[in-house]
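Asks: got a predicted structure plus its sequence, pasted below:
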Number of protein chains: 2
Amino acid sequence: MNMAESYGQFCPVAMAAEIFCTRWTPLILRELAAGSTRFNDLKRGVPRISPTLLSKRLKQLEEAGVIERVRSADDAPEYRLTPAGNDLKTVVFGLGFWGQRWIEAQSSLKNLDPSLLMWDMRRNLNPTPLPQPRCVIQIVYPELKQGQRHWWLVIENGETDLCKVDPGFDVDLYISTDLRTMTAVWMGLTTVRSEIDAGRMHITGNDGVKHAINQWLGLSPFAVEKKLVNA
Amino acid sequence: MNMAESYGQFCPVAMAAEIFCTRWTPLILRELAAGSTRFNDLKRGVPRISPTLLSKRLKQLEEAGVIERVRSADDAPEYRLTPAGNDLKTVVFGLGFWGQRWIEAQSSLKNLDPSLLMWDMRRNLNPTPLPQPRCVIQIVYPELKQGQRHWWLVIENGETDLCKVDPGFDVDLYISTDLRTMTAVWMGLTTVRSEIDAGRMHITGNDGVKHAINQWLGLSPFAVEKKLVNA
DNA sequence: CTGCATCCTCTTCGATACTG
DNA sequence: CAGTATCGAAGAGGATGCAG
């Protein structure tokens, strides 16, 4: 943090803002808090950051004592939150919950992104109620262009994989909907039930998997919070 | 917020960071949370921001629904937190408390600023234990250059005024110290008692006012938090 | 795979001066 | 008091290439 970026104030808000309130930093911390440790996993969760800037931010966070760069068993670099970084999670989540309460749904739903949504769904999916040894869920966004239209979630041995190309397995459940609807469900702005009833979401396949959807389809960590503004 | 500044993510952390994590914004919100409402009061609490950028940020915060610009009784513009802005205080203070816990004291004490410190002391001073109808406290930083060396706090009718020129009243209490020591006391990093004992702070004058110093000298709102890192 | 370096363009920021 | 106007400097983003 050079002098030009410094606020020149001893106030803890100013000192902390120098670390936390730079472009992309809250999103990088959100990814780290969600469990990503590798450079390219972070990149995937923050796709529009350039690798140069991500690298710079990671160095700054390391310098600030928020993360540490360590070598994994196979000698690949990993980034992990330090105790100070773990403590900073409360600020990241506080910011997110504030956004969930006060930012109009319309604004958020202008930023649809199927890759981000599916990446998040993969991360929060709960394998427990799904059939063994393998369960395949296909999600289709008919309005999107080829390459973003078809997605497969493959749950096997308690692990969830996300595929953009057909993995070739039998599909247990098909979900067809539009990206806005799926995102709104994920954010807790509406429910699977009401979107099916409204004809914006169609689910076919294994009835057991279908009826357990509210168990395995984990929602956004912020979905529990209710909006306090009306769109 | 134009497209270039947008993160392009529906995640509430990203949406909120677009509002909260821009340069100077947390400091402006801190000033608003502390009670400042006028443009020049905000400028005084955030002295190194340019008026252009302050104006821009206030417009952005208004657009985001965090503050509202209203006309006071004498038709002067005032900025006040909305309910959403009040709710955002928890994030501002969360950030500040994190800073107080995890940022090394040495780093903060590189950013000494007598104007900011005295402005904050004025704001948090508790008039209750001080003699009526008027109490004058002079603070001297012998190492500073003329114009920053002498300060007077004038407490009258429950109101505290801060002067850089001698207001001409009899002084009830003199405090002589260096700026670093006074700042460290203000931040809760040390105590008046131990700094007097160490010879870094000298207090003379009315014994009643002197002995009540821990009552009237309000500290930083973050002073109650203990450091978790060692310098 | 995991990044870092470079070149280029565009936006934002800071400093200063100035106006109603 | 409450901002606006202007301009040069710095930072961020995109594209591309390369190294271990």
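Replies: Good, I have the coordinates. Numbers count the residues shown, from 1 in each chain, chains lettered A, B, ... in the order given.
Asks: tell me the domain boundaries of chain A?
Replies: Residue ranges for the domains of chain A, per automatic domain parsing: A:6-102, A:108-216.
Asks: can you tell if the last one touches chain B?
Replies: Read it as domain A:108-216. Yes: under the criterion of Cβ under 8 Å from any Cβ of the partner chain, chain B is reached by domain A:108-216 at A:108, A:109, A:111, A:112, A:113, A:116, A:117, A:120, A:183, A:187. Using the backbone N, CA and C atoms, a C-beta is placed for each residue, glycine as well.
Asks: near DNA strand C at all, that domain?
Replies: No: for domain A:108-216 and DNA strand C, the contact criterion (Cβ under 7 Å from any atom of the strand) is not met; the two come no nearer than 13.6 Å.
Asks: contacts for stretch A:104-112?
Replies: By Cβ atoms under 8 Å, 6 or more residues apart in numbering or on different chains, the residues outside stretch A:104-112 that reach it are A:99, A:179-180, A:183-184, A:187, A:189, A:227, A:229-231, B:6-10, B:12, B:14-15.
Asks: if we use 10 Å, what do you get?
Replies: With Cβ atoms under 10 Å, 6 or more residues apart in numbering or on different chains as the test, stretch A:104-112 has contacts from A:99-100, A:141, A:144, A:178-184, A:187, A:189-190, A:227, A:229-231, B:1, B:6-12, B:14-15, B:18, B:64-65.
Asks: of those residues, which belong to helices?
Replies: Judged by DSSP state H, the subset of the contacts of stretch A:104-112 located in helices is A:99, A:100, A:179, A:180, A:181, A:182, A:183, A:184, B:12, B:14, B:15, B:18.
Asks: for the first one, give its distance to DNA strand C.
Replies: Read that as residue A:99. Taking Cβ to the nearest atom of the strand, to the nearest Å as the measure, residue A:99 falls 19 Å from DNA strand C.
Asks: all strands of chain A, in order?
Replies: Using DSSP state E, the strands of chain A run over residues A:67-71, A:77-81, A:134-140, A:150-156, A:159-163, A:173-177, A:201-205.
Asks: ok, which of those strands comes nearest residue B:218?
Replies: Residue B:218 sits nearest to strand A:77-81 of all those, at 34.3 Å, using Cβ to Cβ.
Asks: which secondary structure elements does that closest one contact?
Replies: In this structure, strand A:77-81 makes packing contacts with helix A:25-33, helix A:39-45, helix A:51-63, strand A:67-71, helix A:83-102, judged by 3 or more Cβ pairs under 10 Å, 6 or more residues apart in numbering or on different chains; DSSP states H and E.
Asks: which non-adjacent residue is nearest residue A:103?
Replies: residue B:15 (4.7 Å; Cβ to Cβ, 6 or more residues apart in numbering or on different chains).
Asks: that neighbour: neighbour count?
Replies: Other residues near residue B:15 number 27, with proximity taken as other Cβ atoms under 10 Å in any protein chain shown.
Asks: with the one 5 residues further on instead?
Replies: By other Cβ under 10 Å, the residues close to residue B:20 number 25.
Asks: pLDDT score assigned to residue A:204?
Replies: Each residue has a pLDDT score; the one for residue A:204 is 97.
Asks: tell me, how many residues neighbour it?
Replies: Residue A:204 has 11 neighbouring residues, counting by other Cβ under 10 Å.
Asks: the one 5 residues further on too?
Replies: By the measure other Cβ under 10 Å, the count of residues near residue A:209 is 19.
Asks: returning to what we had before: the residue nearest to residue A:103 and residue A:189, how far apart?
Replies: Separation of residue B:15 from residue A:189 (Cβ to Cβ, to the nearest Å): 13 Å.
Asks: any residues in contact with both of those two?
Replies: Counting by Cβ under 10 Å, 6+ apart, the shared contacts of residue B:15 and residue A:189 are A:100, A:108.
Asks: need the helices and strands packed on strand A:77-81 in TSV (columns: mean pLDDT).
Replies: TSV is the format used below for those (pLDDT from 0 to 100):
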stretch	mean pLDDT
helix A:25-33	94
helix A:39-45	89
helix A:51-63	89
strand A:67-71	89
helix A:83-102	96
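Asks: thinking again about what came up before, mind checking which of the domains of chain A is nearest residue B:210?
Replies: Nearest of the domains of chain A to residue B:210, taken as Cβ to Cβ: domain A:6-102 at 25.5 Å.
Asks: no more questions from me, cheers.
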